[in-house]
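Asker: Model the structure of this input:
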Amino acid sequence: MPSVSKAAAAALSGSPPQTEKPTHYRYLKEFRTEQCSLFVQHKCTQHRPFTCFHWHFLNQRRRRPLRRRDGTFNYSPDVYCSKYDEASGLCPDGDECPYLHRTTGDTERKYHLRYYKTGTCIHETDARGHCVKNGLHCAFAHGPLDLRPPVCDIRELQAQEALQNGQLSAGDGIPDLQPGVLASQALMEKILGEDPRWQDTNFVLGSYKTEQCPKPPRLCRQGYACPHFHNSRDRRRDPRRFQYRSTPCPSVKHGDEWGEPSRCESGDSCQYCHSRTEQQFHPEVREHPRKYVQHISLSPDSIQNEEAMAPLLKYLDEKLALLNASLVKENLSRVLEALWELLLQAILQALGANRDVSADFYGRFHFTLEALVNFFHAEGQGLPLESLRDGSYKVKFGPGSSDRGRGRGGHQRPKFEFIHAPHVKWSREELPASPGASSFLQRLEEELRLHQCSTRECIEQYYLDKLKQVVRPRCWHEAPPPGVPGLRLTGPPALPQRSLEHNRFGRLSVRCHYEAAEQRLAVEVLHAADLLPLDANGLSDPFVIVELGPPHLFPLVRSQRTQIKSRTLHPVYDELFYFSVPAEACRRRGACVLFTVMDHDWLSTNDFAGEAALGLGSIGGVARPQMGGSARAGQPVTLHLRRPRAQVRSALRMLEGRNNKEAQEFVKRLKELEKYMEADP
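Answerer: Numbering: from 1, shown residues only. Next up, the predicted model:
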């Protein structure tokens, strides 16, 4: 958008404006900037309801906002002047004051280039198209055609960029607010960031506006972004202490007007809300999302997805429209983050409470999550995607998504005009195993993805997750391929290899190749090192179980095991095993050879020492033909032994909830091994 300063300069020079709508420009330039000539003559009839376009008293006077050629405003849109007298309307610095004057109706801020018509009004319009609450001169937009983009101070943009790059930290101290030092919005971010409690979204919902600001109103430079209250109308009683309802008190609110809380004779013991802030931040904001998510889970499959989630979107439309109209961006973002987290928790709880349901049930929640991401991102105007992804989990967007469970007609855009985004598709393919296991979005997407998979796809995912945990250092006698430094990867090329970490469970050296002439897989277990001491004497009696998976790819293949090596942590096996399997099965998704190291106990059950998996897709003879017919063409590979991770167990939990024979047999076999395992540290 072109700079508004050009329009202001054009207006001063007599040329017509070019960047604002005529009605918007007229209010930005002229509203309450000149005294009413009729009022001077005692003829103005618009005095009492304060509906006159011009000012009558000096404390109603508003300075015209300008954006200079250097990109700065002539006065701040957020930081209030501490010298301005609200009664007389006078400031010692006059019109050159770089701070905001708290005029009657706060017109300097509402009609500033930064805020005028940038938010949607929560009130309806009458037959003439005027706001039923604010009348003809409403500073908020009524409909998308009335919206205008905000004009920002260049210092605000620079400060926001510095905050994002980490150049402005919370411990730098508050700088003196002189023109050109820091933008006010960035300063508010910094002030809020100095108190770590306000970074906790649950604390924001529980403690917002419950404590009085330690600074006097005229000295608090945070403006509406201050998380503390400055007057009785702004105060919010602690809902945990006073236990009031979300219904407005009839003694305080008449129609759409909130009066003084002192009108209520019950005082703080009243069971109803005394201010708009108490109603908007009532604890029911936590309960309503759960109720609407439960409505989605209980809706029959015959109902379209859009119809099932319509009550939730309607609730979000109304709630966020109110918050958007009464909160500045900093506090609104914190409330949105808390509400987003509540929604994800509610969906996770709904999934946990419903087992053995149809795939359409999970497809509906997939569709719901898709719409909520769009709703909260709002094409960059709402929460950033980094916040929605929880900073650690990368949501896959792209054309490869499935439309399973989606209702006819595609995605219905929410009516809430401040927070919406275009249709985004989710990909079900190759979901990465993110290290941020605490991410609600990661857990939720993993649950939905696995629930929509068939039993065999879940089993394949179980083995794929094991392959993703593979840690493969180069053995001391293993040479890298010619021309390539480092280690030759024998697992599937598409699966990431983790760094060399957590070597506490020991290592296992193996060698694998495929003999095409005999159509068999040769697996040689060479030796192990640094195994866990699982016996009382500080040693172990280890043996290795070798098996191929997934079972449906190798239904006729039985597992084999090495000999037991007594009293050692560094056993040498040098044993070769053959598995008669076709090469095509080895190239299938998730095909691998699984090595399980056990400690043999003579008087009790065997102990689990660790496991490792090796993908079959790229071993010699499977990925490429053998050269020279050598039977021992494979290179030795050393694998780090591991314990099953959370993402492996998640696939197992999905299979436990299924009643078909294949899933139950697979779970039963794994349970026999799992009882030997200790918890993964």
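Asker: Please make it C-alpha for all contacts and neighbour counts, starting now.
Answerer: Noted.
Asker: and the gap between residue 51 and residue 44?
Answerer: 11 Å (Cα to Cα, to the nearest Å).
Asker: what kind of secondary structure is the closest residue to residue 564 other than its chain neighbours in?
Answerer: Ranked by Cα to Cα, 6 or more residues apart in numbering and with sequence neighbours excluded, the top spatial neighbour of residue 564 is residue 543, at 4.8 Å. Three-state assignment for residue 543 (DSSP: H, G, I helix; E, B strand; the rest coil): strand.
Asker: ditto for the one 3 residues further on
Answerer: Judged by three-state DSSP, the three-state class of residue 546 is strand.
Asker: Is it correct that it is in contact with residue 595?
Answerer: Yes. With contact defined as Cα atoms under 8 Å, residue 546 counts as touching residue 595 (5.0 Å).
Asker: in the stretch 301-450 of the chain, which segments are predicted with low confidence?
Answerer: Scanning the stretch 301-450 of the chain with the threshold set as pLDDT under 70 gives 322-323, 325-331, 355-359, 387, 389-450.
Asker: Quickly note the distance from residue 564 to residue 227.
Answerer: 67 Å.
Asker: Among those two, which residue is more densely surrounded?
Answerer: residue 227 (20 against 16; other Cα atoms under 10 Å).
Asker: I'd like the distance between that one and residue 209.
Answerer: 5 Å.
Asker: and if you look at residue 237?
Answerer: Per Cα to Cα, residue 237 is found 8 Å from residue 209.
Asker: what does residue 33 give?
Answerer: Counting by Cα to Cα, the gap from residue 33 to residue 209 is 33 Å.
Asker: and what of residue 643?
Answerer: 48 Å.
Asker: Which one's more surrounded, these two?
Answerer: residue 209 (22 against 19).
Asker: Can you tell me which helix or strand of the chain has the lowest average pLDDT?
Answerer: Ranked by mean pLDDT, DSSP states H and E, the weakest helix or strand in the chain is helix 4-12, scoring a mean of 40.
Asker: pLDDT on the helix or strand following that one, on average?
Answerer: Following helix 4-12 in sequence order, the next helix or strand is helix 22-30 (DSSP states H and E). Taken as a whole, helix 22-30 carries a mean pLDDT of 88.
Asker: which helices and strands does the next helix or strand after helix 22-30 pack with?
Answerer: Reading on from helix 22-30 to the C-terminus, the next helix or strand found by DSSP H and E is helix 37-40. Contacting helix 37-40 under the criterion 3 or more Cα pairs under 8 Å, 6 or more residues apart in numbering; DSSP states H and E is no other helix or strand.
Asker: Let's see helix 37-40 as PDB, backbone CA atoms only.
Answerer: The C-alpha atoms that make up helix 37-40 are tabulated as PDB, following Å, rounded to 0.1, in the frame of the first residue of the first chain:
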ATOM      1  CA  SER A  37     -18.800  27.300  14.200                       C
ATOM      2  CA  LEU A  38     -22.500  26.700  15.100                       C
ATOM      3  CA  PHE A  39     -21.500  25.800  18.700                       C
ATOM      4  CA  VAL A  40     -19.800  29.200  19.000                       C
END
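Asker: just use 625 as the starting number from now, easier for me
Answerer: Will do, 625 is the new start, and the previous item becomes helix 661-664.
Asker: Check which element follows the longest helix anywhere in the chain along the chain.
Answerer: Using DSSP state H, we find that the single longest helix of the chain is helix 953-977. Sequence order places helix 983-1001 as the next helix or strand after helix 953-977, per DSSP H and E.
Asker: list the contacts for the nearest residue to residue 837 once chain neighbours are set aside?
Answerer: Nearest residue to residue 837 in three dimensions, chain neighbours excluded: residue 852, at 4.8 Å (Cα to Cα, 6+ apart). When contacts are counted by Cα atoms under 8 Å, 6 or more residues apart in numbering, residue 852 touches 832, 833, 834, 835, 836, 837, 859.
Asker: Which one of those residues is nearest to residue 966?
Answerer: Of all those, residue 966 sits closest to residue 832, with 17.2 Å by Cα to Cα.
Asker: correct me, but that closest one touches residue 858?
Answerer: No. Using Cα under 8 Å, residue 832 is not in contact with residue 858, being 10.4 Å away.
Asker: The two: which is more packed in?
Answerer: Set residue 832 next to residue 858 and count neighbours by other Cα under 10 Å: residue 832 wins out with 23 against 18.
Asker: and the closest residue to the more buried one other than its chain neighbours, backbone torsions?
Answerer: Spatially, and ignoring its direct neighbours in sequence, residue 832 is nearest to residue 851 (5.6 Å; Cα to Cα, 6+ apart). Dihedral pair for residue 851: phi -80, psi 0, per degrees, to the nearest 10.
Asker: swap in residue 1173?
Answerer: phi -150, psi 160.
Asker: Settle this for me: it is touching residue 1085, isn't it.
Answerer: No. Residue 1173 is not in contact with residue 1085 according to Cα under 8 Å; the separation is 11.1 Å.
Asker: Now list whatever residues contact both of the two.
Answerer: residue 1214.
Asker: if we can go back for a sec, count of residues packed around the residue nearest to residue 1188?
Answerer: Using other Cα under 10 Å, the number of residues around residue 1167 comes to 21.
Asker: Okay, residue 661 and residue 940: tell me how far apart.
Answerer: Residue 661 is 46 Å from residue 940, by Cα to Cα.
Asker: Ok, residue 882 next?
Answerer: Residue 882 is 23 Å from residue 940, where distance means Cα to Cα.
Asker: Equivalent analysis for residue 978, please.
Answerer: 24 Å.
Asker: neighbour-wise, which of those two wins?
Answerer: Neighbour totals were compared for residue 978 and residue 940, and residue 940 leads with 22 against 12 (other Cα under 10 Å).
Asker: quick revisit: from the contacts of residue 852, which is closest to residue 693?
Answerer: The closest of those, once distances to residue 693 are taken by Cα to Cα, is residue 837, at 36.5 Å.
Asker: I'd say the closest one and residue 853 touch.
Answerer: Yes. Here residue 837 reaches residue 853: they are 5.7 Å apart, a contact under Cα under 8 Å.
Asker: of those two, who's got more company?
Answerer: residue 853 (20 against 15).
Asker: my guess is that one contacts residue 838, does it?
Answerer: No. Using Cα under 8 Å, residue 853 is not in contact with residue 838; the gap is 9.5 Å.
Asker: so where do the strands sit in the chain?
Answerer: For the chain, the strands defined by DSSP state E occupy 877-878, 881-882, 1131-1139, 1144-1153, 1166-1173, 1184-1185, 1196-1203, 1216-1223, 1231-1239, 1261-1264.
Asker: Turn these into JSON lines, including mean pLDDT.
Answerer: Output for the strands of the chain, formatted as JSON lines (pLDDT from 0 to 100):
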{"stretch": "strand 877-878", "mean pLDDT": "84"}
{"stretch": "strand 881-882", "mean pLDDT": "79"}
{"stretch": "strand 1131-1139", "mean pLDDT": "92"}
{"stretch": "strand 1144-1153", "mean pLDDT": "94"}
{"stretch": "strand 1166-1173", "mean pLDDT": "94"}
{"stretch": "strand 1184-1185", "mean pLDDT": "94"}
{"stretch": "strand 1196-1203", "mean pLDDT": "94"}
{"stretch": "strand 1216-1223", "mean pLDDT": "93"}
{"stretch": "strand 1231-1239", "mean pLDDT": "90"}
{"stretch": "strand 1261-1264", "mean pLDDT": "91"}
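Asker: If anything else comes up later, I'll come back, but that's it for now.
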